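Trainee: Need the 3D shape of this:
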Amino acid sequence: MLLGEHAVLDGHRCIVCAVNQRMSIVVRPRDDTRINIDSDLGQCQADLRNPLVDDTFRFVLTAIDQHKELLAHGFDLGITADFPATVGLGSSAAITAAMTIAIFHLAGLALELDKIFDHSLSTVRAVQGTGSGADLAASVYGGALLYRHHPKQITPLGNIHPITVVYSGYKTVTTEVIGFVEKQRAKFPEPFSHIYSAMDSSAERAARAIQDNDWRLVGELLTMNQGLMSAIGVSNKRLAEIAWRLSQDRGILGAKISGSGLGDCVVGLGTMQNKAAFELLPIEMSGKGAIID
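Mentor: Alright, predicted model coming up:
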């Protein structure tokens, strides 16, 4: 996420991009109705004829359960990731999209990205109860996007840029952060309305700047929106320090929290020159979304 976190849940626009750290699944059809899942997070055995329940693999199993009428047989499923499970990066969205594509492929259905997105978003919301779908849009379509979930708007912006990503060292569960923000919003509805409108207009302005390759302006908008993230309560001393130190580096055009906040990652637009300042994640924007081999 580059711009518009939290506001996007309220129907505002955001800027989101795919990154070059990927999740992959390998599916091997079986002759029976068994489902065997193997990943770095563990293993799971299930059966298409019974309720599919395992909290570790809830996104995968919910996608299967929602589409099991399309499946005549079970399968062995191997899941691998280019990044550790402690880092968010939209991994739940990515694995949901991958599983949905695999189901469509096994069922002989056309791999239409809009349908993949819509079905995957239904799965994410069935698991979480909410979700804007922004990280899902990036996973499916790739590149940098201007996104809004209602009314749906998915606009590819055509250009990408180097980024620097720093992991803060810890992560707060996204649903917990959302719950905290909503409590604050209930206390201060009018200020939050203005803040979310500012986030929305920032995303719209940044989208035009990205299309024009005016990345300096995009960087300025990132730094401005770090202040807006602080205003809604999802920044803290550690995150603010990372964002400030990134923004002071001569290779960085702007920096802010990326994601729900209260931990996880901070993103800087550009390539950090003082690489000794932080442990950087090996992440770049990517034009690639979901692919099947």
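Trainee: Could you look up the SS state of the nearest residue to Ile283 once chain neighbours are set aside?
Mentor: Distances taken as C-beta to C-beta, 6 or more residues apart in numbering place Val165 nearest to Ile283, at 4.4 Å, with adjacent residues excluded. All C-beta spots, glycine's among them, are computed from the backbone N, C-alpha and C. Classification of Val165 by DSSP: H, G, I helix; E, B strand; the rest coil places it in strand.
Trainee: Tell me the span between the first and last residue of stretch 228-240.
Mentor: For stretch 228-240, the first and last residues are 12 Å from each other (C-alpha to C-alpha, to the nearest Å).
Trainee: mind listing the strands for the stretch 101-250 of the chain?
Mentor: Per DSSP state E, counting those that start in this stretch, the stretch 101-250 of the chain carries strands over the ranges 144-149, 152-156, 163-167.
Trainee: pLDDT below threshold where in this protein?
Mentor: For the chain, the stretches flagged by pLDDT under 70 are 85-88.
Trainee: Next, the buried residues of stretch 190-206.
Mentor: For stretch 190-206, a neighbour-count test (16 or more other C-beta atoms under 10 Å) marks 192, 195-196, 198-200, 202-206 as buried.
Trainee: still on that earlier bit, for the strands of the stretch 101-250 of the chain, state which one has the densest average packing.
Mentor: Among the strands of the stretch 101-250 of the chain, strand 144-149 has the highest mean neighbour count (mean count of other C-beta atoms under 10 Å), at a mean of 24.
Trainee: Name the surrounding residues that touch that strand.
Mentor: If you take C-beta atoms under 8 Å, 6 or more residues apart in numbering as the criterion, strand 144-149 is touched by 2, 8, 11-17, 121, 132-134, 137-138, 153-160, 203-204, 207, 210, 285.
Trainee: Can you flag the buried ones in those?
Mentor: By 16+ other C-beta under 10 Å, those give 2, 8, 12-17, 121, 132-134, 137-138, 154-155, 157, 159-160, 203-204, 207, 210, 285 as buried.
Trainee: From the residues you listed, which land in helices?
Mentor: 121, 134, 137-138, 203-204, 207, 210 (DSSP state H).
Trainee: Export these to JSON lines and append columns for distance to Glu69.
Mentor: Output for those, formatted as JSON lines (distance: C-beta to C-beta, whole Å):
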{"residue": "Leu121", "distance to Glu69": "19"}
{"residue": "Ala134", "distance to Glu69": "29"}
{"residue": "Ala137", "distance to Glu69": "26"}
{"residue": "Ala138", "distance to Glu69": "29"}
{"residue": "Ala203", "distance to Glu69": "38"}
{"residue": "Glu204", "distance to Glu69": "41"}
{"residue": "Ala207", "distance to Glu69": "39"}
{"residue": "Ile210", "distance to Glu69": "41"}
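Trainee: Looking at those, which one is closest to Asp31?
Mentor: Leu121 (32.3 Å; C-beta to C-beta).
Trainee: I'd say the closest one and Gly133 touch.
Mentor: Yes. Using C-beta atoms under 8 Å, Leu121 makes contact with Gly133 at a distance of 4.5 Å.
Trainee: tell me the SS of the nearest residue to Arg216 once chain neighbours are set aside?
Mentor: Excluding the flanking residues, the one nearest Arg216 by C-beta to C-beta, 6+ apart is Leu253, at 5.6 Å. Here Leu253 is recorded as strand under three-state DSSP.
Trainee: how about Leu253, what does it touch?
Mentor: Going by C-beta under 8 Å, 6+ apart, Leu253 touches 215-216, 218-220, 222, 268-270.
Trainee: Only whichever of these are buried, select them in ChimeraX.
Mentor: In ChimeraX, a selection of the buried entries from the contacts of Leu253 looks like this (16+ other C-beta under 10 Å):
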select :215,218,219,220,222,268,269,270
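Trainee: Dump the contacts of Leu253 to a markdown table, plus distance to Met229.
Mentor: Output for the contacts of Leu253, formatted as a markdown table (distance: C-beta to C-beta, whole Å):
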| residue | distance to Met229 |
| --- | --- |
| Trp215 | 20 |
| Arg216 | 21 |
| Val218 | 16 |
| Gly219 | 16 |
| Glu220 | 15 |
| Leu222 | 10 |
| Gly268 | 14 |
| Leu269 | 15 |
| Gly270 | 19 |
